[in-house]
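Enquirer: got a predicted structure plus its sequence, pasted below:
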Amino acid sequence: MTIETPAVLSGWPPPVLDPAGPFAGPVATVAWVLFVMGAVVLTLVLIALGVALFGPPRWKRRVAGEKLVWIGGLAFPVVVLTGLLIYGLSVTARVADAPRPGEMRVRVTGEMWWWRVAYLDDQGREIVQDANEVHIPAGRPVVLELESADVIHSVWIPRLGGKTDMIPGRRNFMRLQADAAGVYAGQCAEYCGGPHALMGLVVVAHSPADFAAWRLKQAAPAAVSGVPGAAVFTASGCGACHTIRGTEANGLAGPDLTHVGSRQTLGAGILPNNQGTMAGWIADSQGIKPGNRMPSYSVLSGQELRDVAAYLESLK
Amino acid sequence: MLLATGLCAAVTACADKANAPRPLAQADAAQGLRLIERHGCAACHAIPGVRWPQGRTGGDLTGVASRPMIAGRLPNQPGVMAAFVRDAPALLPGTGMPPMPLTDAEARDVAAYLYTLDDD
Amino acid sequence: MTSETGFDVDKYDRFPTTEPRPAGELEQLEQAWCGPRTPWEWITATNNNIIGVYYVGAAMLFFVLAGVLALLMRTQLALPMTGFLAQDTYNQIFTMHGTVMMFLFAVPAVEALGVLLLPQMLGARDLPFPRLGAYAFWAYLIGGLAFFCSLFFGLAPDGGWFMYPPLTSMTYSPGINADFWLLGIGFIEISAIAGAIEIIVGVLKTRAPGMTLDKLPVFAWAMLIFACMIIIAFPSIILATLLLELERALGWPFFDPLKGGDPMLWQHLFWFFGHPEVYIIFLPAAGAMSTIIPAMARTPLVGHPLVVMAMLATGFISFGVWAHHMFTTGMPQISINYFSAASMAVSVPAGVQVFAWIATMAAGRMRFSTPGLFAVGGMVIFVMGGLTGVMVAMVPFDWQAHDSYFIVAHLHYVLIGGMVFPLFAAIYYWLPMSSARPLSESWGKWIFWLMFAGHNLAFMPMHLTGLMGMPRRVYTYLPGRGWDLPNFISTIGAFMFGLAVLLWVIDMIRNFRPFGPREAGNIHDGPGLEWLPSGFYSVRSIPVVKSLYPLWDQKGLAEDVAAGRYFLPGAARGERQTLVTSPLNAEPQYVLRIPRPSGWHLFGAVFTAGFFLILTIQAYAAAVVSGVLAIYCIMRWCWFLDAPHTRKTTEIGAGIRVPNYVSGPSSHGWWAMVIVLIVGGMVCLLAGFSYVFLWSRRPDLWQAPPPISSLLVSVGLLAVAGLCALAAPRAVRVARDGAVSAATGLLVLASAGVIAASIVEGRAWWTTGLQPDFSSQGASVYALLSWAGTFAAIGGLMGLYVVLRRLFGRLAAERPSTVDLIGLFLAFTAAQSIGVILLVRLFPGSGL
């Protein structure tokens, strides 16, 4: 399944008001209730103001007393706010209830400026490593365990729900559910320095059968070896930061590349993923995403660059 | 808004010139631009009309239409251009530009867009 | 009405006096309060009429500078992925925009308005501590400019105005950029607190006689609440900046989770300051609105007591809402619900004020001259910001809106509608009080409409960009997400706003003529005392106030005041004087001799700012020199305080005599000292909270305290020191020879005691092997001890100061204030140390 990135990232309709799951839906309803409330109150205030400024004397007298302050300033807001508060608390409780046993867990760790993703088994052990993409089965809740490796980040996938921070030394939880298969864009929402603006995230929801297949494939080590690009990869020292399971590359500083060719995006949600963009990213990652932790490998010859890009793209 | 207007103006202005010398039969330059954006060609090339990225790994494609050579080696002709954007290493074995996942027709669209990029 | 002080209020009926004023009285008054003539005198001036104008001008300068930064950001964001600003430049600029707007513009601007207006409104000749006000201003201006200039060297902070660690810790911000923020904020804290002391004592102690609290102008109420909130809220940011700087410079792990720290501690401390801060900015502006709207509608404020109650309620509730900035941090549900409810509650008092304004407009006839336009326009914008505020108080919605452009829209609606527009209304309204010419009305209308349209064009679309998924604090965004158009519109609006401000600056240059012999005067027919005819001495005589709107209700008041028919019509003995009255009923208590300009407060300010700035660039030796010089200058400045009087009493008009000197709780100095101690105590309390908070995160890291024997020694020393400090004021009042020496001796003993106890306690902890960089326990224990130890060290300096005064004969039994205040300080220091020591020894219970 491939869905083109630009369509996914489109801002219209506004993703907050275009929910795709049960943790975002009630919030969109809350938003609409609030917009209506805001519009009504603003209209009432403007009417009172209009009367006060331009109304005929008879009307002005009606809004000129302390009674208006008691009613408009005190009684009315207290009633409206109490109603909203009760409504808000009930939605909060519904949307944010704690993780339940038996729900699938994914550990997402915020790093400057990408996401480390690990799928956990029932005992909480990491079984598959991945990066910058969270794959989930559609139609059932998944729990994200949110951690940080350096500074505070925040996960925000507006069509699937509100945001939750990743705080060093703490573990937060976020429940996600996409009702339909598809690709959902997300982004880091807490300022984390440098290229915070370019720290995107993609959530891919599969039908349950597809998800099982994806997970099986993802658990397998890299199937490609012996191609010229693999040698370039090793010789250039890429393995010091990146892991490709099934090869000697076992670095932990950067994203796991075992199945990098199958990802939707490169550079944490910012570039489409193909041999061309892979080559461009390797040769000039600092030009594309200034300040990120991967150096530009402009020393590679054209042939080497192409080979290594071809190799990585073959890791589906 | 301004950008869009400017872009339209630029594209129309260029299209007039590009049509005459290098016809690419049934190729759609606008579609070519969409393909360029979707495949992220700009990860390596600065391409007028694409805001971001503006890669520095490959050549700057500003004015590519009026250059005599492609990549300094190949004659700048429509057929060669379409073949080059699709599978550069087949034509220039030492190039850093990887083959791109484009169909023949798509490659012609991309070439058509590139031929709108005159010097001025 | 019963008297508060024993003053017979029937004596008010003797005014206005009828006998002719003695010849030469006015000349003597003018002579005493003569304005500056040489450049040096302009710099060393302390008169609030001059410093107030400087202060407002400096705040507006920073408003313009931070506004230029905003325009740079809007240019960068006009289109996706532009290269107008580099990433690190943008990150510095957005950090500086927020920091400068909040710390160098908003708080100082309203404080400046208070410094300029309050003495006039209250019928005082000056604020009670004019040199402190001037010191605060110069420290702020020099420090603020130097801080701003860090941008030009690429050294500006880039961690956001909220400076969340660990992004701002040494690991992730190794440059000195973050230190610039921390130390740069340091002197702004000092100047804010100095200003708050000035305002609290000014409002409570220097009102015109008869101005009981129910006749206190609503703006003065607002400034009083504002200043009290600074006293409570600023200690939190003082502590936070100290802790982060300690972590950065010395590796004390308050926020580093590897050693037991917690980044959330910063967020609690920062927002415990940061949210009240918003109301700190808003309340004075609301007070200005509640003053301007009645004046422009020519009718009393409807529901005046309700408005005052609403402002008090805002002050209280605002301290209970800080964590609504932290709804996404995974707080427990119960806390989330509480903070959601409190955040909604805080909007109720704002609603009361808005409807009081509307009712006032209806009761009178609103005039749409420029101040009226800005007041109405600001109110509309503020209401819209308040409504989005209610939206984000709804937790589920906040989870989506938080840290998105929706919040950017919300906060600008609140702050621009709640503070900037009222400030412009205030500038247009009150400027004729300080300038020979008012600002142009026709320009004013253009400026208002441009600003109003520009604001809405800039910030309205941001609600949408937020809902479209655009996060805040991004230096750019990818194309193709539909954010291009709303961002482009926002940029156009921002430039319209900028144009309006530019026009205003030009009009200021054309028309603002301060410090002249004449002022444009009461062109709006305002009702407050600030519209009385005035000179550098403020009012010719201090009136008896019988109404909330004296100029409307007391016929002939202006003429009588100008003719010197009220209190204190001259300058007895050529001194600068003002009348000190009682806090509730404003009954005359004594005449306060106001110091004349001198250079010491100015040098003190220069070296204080220098200390912080040089510390930032890590030239430690030079910083120490600057710090010592600052202390020396401040001590020299204090040296002339508490000086002898030639007479015991002064005739203040109609044969009424009041003393020239009082000590103890009636004196203005006592009040100021108590406020300083409240600030210190608040910092200590919050440090204690931090200690408990860090323990609750990692109790396993806590090791046993030192043995009990050393505890007995240090607490015993402190108890003795405290008793000595309390005894000194009594000793100095014993009518016997040697009383002064005995008091001096007691104070020296007390200061030696607190210092000795600090050393004993510090050594006791050190010998347990616990060091400050080991763990969160070490960091927080030594931080608490250092805080108490700093007070002990200041107490030591005070002991030295008392000895010097004794040797030079500047202590006297009939003038016990110096002994009183130092005794008070030392007693507090001893008590604070005991509190600190008992906390770290006995909590969490491993001590005994």
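Expert: In hand now; what should we look at?

Enquirer: which residues of the stretch 151-300 of chain C fall in helices?
Expert: Along the stretch 151-300 of chain C, the stretches classed as helices by DSSP state H, counting those that start in this stretch are C:177-205, C:218-250, C:263-297.

Enquirer: quick one: which of those is nearest chain A?
Expert: Closest of the helices of the stretch 151-300 of chain C to chain A is helix C:263-297, at 5.8 Å (criterion: CB to the nearest CB). No exception for glycine: its C-beta is placed from N, CA and C like everyone else's.

Enquirer: does the helix or strand just after the closest one come close to chain A?
Expert: Moving toward the C-terminus from helix C:263-297, the next helix or strand (DSSP states H and E) is helix C:304-317. Yes. Interface with chain A: helix C:304-317 contributes C:306, C:310 (CB under 8 Å from any CB of the partner chain).

Enquirer: in the next helix or strand after helix C:304-317, what's buried?
Expert: The helix or strand immediately downstream of helix C:304-317 is helix C:333-345, counting by DSSP H and E. Across helix C:333-345, burial judged by 16 or more other CB atoms under 10 Å in any protein chain shown covers C:336, C:337, C:338, C:339, C:340, C:341, C:342, C:343, C:344, C:345.

Enquirer: go through the residues you listed and say which is closest to residue A:84.
Expert: Residue A:84 lies nearest to residue C:344 out of those, by CB to CB, at 6.9 Å.

Enquirer: low-confidence stretches in chain C?
Expert: C:1, C:846-848 (pLDDT under 70).

Enquirer: repeat the analysis, applying 50 as the threshold.
Expert: Scanning chain C for pLDDT under 50 picks out the ranges C:847-848.

Enquirer: swap in chain A?
Expert: A:1-7.

Enquirer: grab the most central residue of the chain for me.
Expert: No chain specified, so I'll use chain A. The residue lying closest to the centre of chain A (CA atoms, centre = their mean) is residue A:186, at 2.8 Å.

Enquirer: try again with chain C
Expert: residue C:192 (3.3 Å).

Enquirer: tell me how far that residue lies from residue C:557.
Expert: For residue C:192, the distance to residue C:557 equals 35 Å [CB to CB, to the nearest Å].

Enquirer: again, but for residue C:277
Expert: Distance, residue C:277 to residue C:557, by CB to CB: 38 Å.

Enquirer: go on, residue C:736?
Expert: For residue C:736 relative to residue C:557 (CB to CB), the value is 50 Å.

Enquirer: between those two, which has more neighbouring residues?
Expert: Comparing residue C:736 with residue C:557 by other CB atoms under 10 Å in any protein chain shown, the one with more neighbours is residue C:557, at 22 against 8.

Enquirer: leaving aside the residues next to it on the chain, what's closest to residue C:659?
Expert: Distances taken as CB to CB, 6 or more residues apart in numbering or on different chains put residue C:590 closest to residue C:659, at 4.6 Å, once the chain neighbours are dropped.

Enquirer: can I see the domain layout of the chain?
Expert: I went with chain A, as the question did not name one. Domain ranges of chain A: A:17-95, A:104-208, A:228-313, per automatic domain parsing.

Enquirer: nope, chain C
Expert: Split by automatic domain parsing, chain C gives C:47-511, C:664-842.

Enquirer: which of these sits most buried?
Expert: Comparing the domains of chain C by mean neighbour count (mean count of other CB atoms under 10 Å in any protein chain shown), domain C:47-511 comes out on top with a mean of 23.

Enquirer: what residue in chain C comes nearest to chain B?
Expert: residue C:81 (3.3 Å).

Enquirer: tell me which residues touch that residue, please.
Expert: B:51, B:52, B:53, C:476, C:477, C:478, C:479 (CB atoms under 8 Å, 6 or more residues apart in numbering or on different chains).

Enquirer: and the first one, how many neighbours does it have?
Expert: Okay, so that is residue B:51. Considering only other CB under 10 Å, residue B:51 is surrounded by 20 other residues.

Enquirer: wait, does the strand or helix carrying residue C:358 contact chain A?
Expert: In the assignment (DSSP H and E), residue C:358 maps to helix C:347-363. Yes. Contact of helix C:347-363 with chain A (CB under 8 Å from any CB) involves C:347-348, C:351-356, C:358-359, C:361-363.

Enquirer: state the distance from the residue nearest to the centre of chain C to residue C:241.
Expert: Going from residue C:192 to residue C:241 by CB to CB gives 13 Å.

Enquirer: near chain B, which residues of chain A?
Expert: Going by CB under 8 Å from any CB, the residues of chain A near chain B are A:4-6, A:266, A:271-272, A:274-281, A:283-284, A:287-288, A:298, A:300-303, A:305-306, A:309-310.

Enquirer: list only buried entries from those residues.
Expert: Among the residues of chain A next to chain B, those buried by neighbour count (16+ other CB under 10 Å) are A:5, A:266, A:271-272, A:274-281, A:283-284, A:287-288, A:300, A:302, A:305-306, A:309-310.

Enquirer: out of the helices of the stretch 151-300 of chain C, which comes closest to residue C:746?
Expert: helix C:177-205 (26.6 Å).
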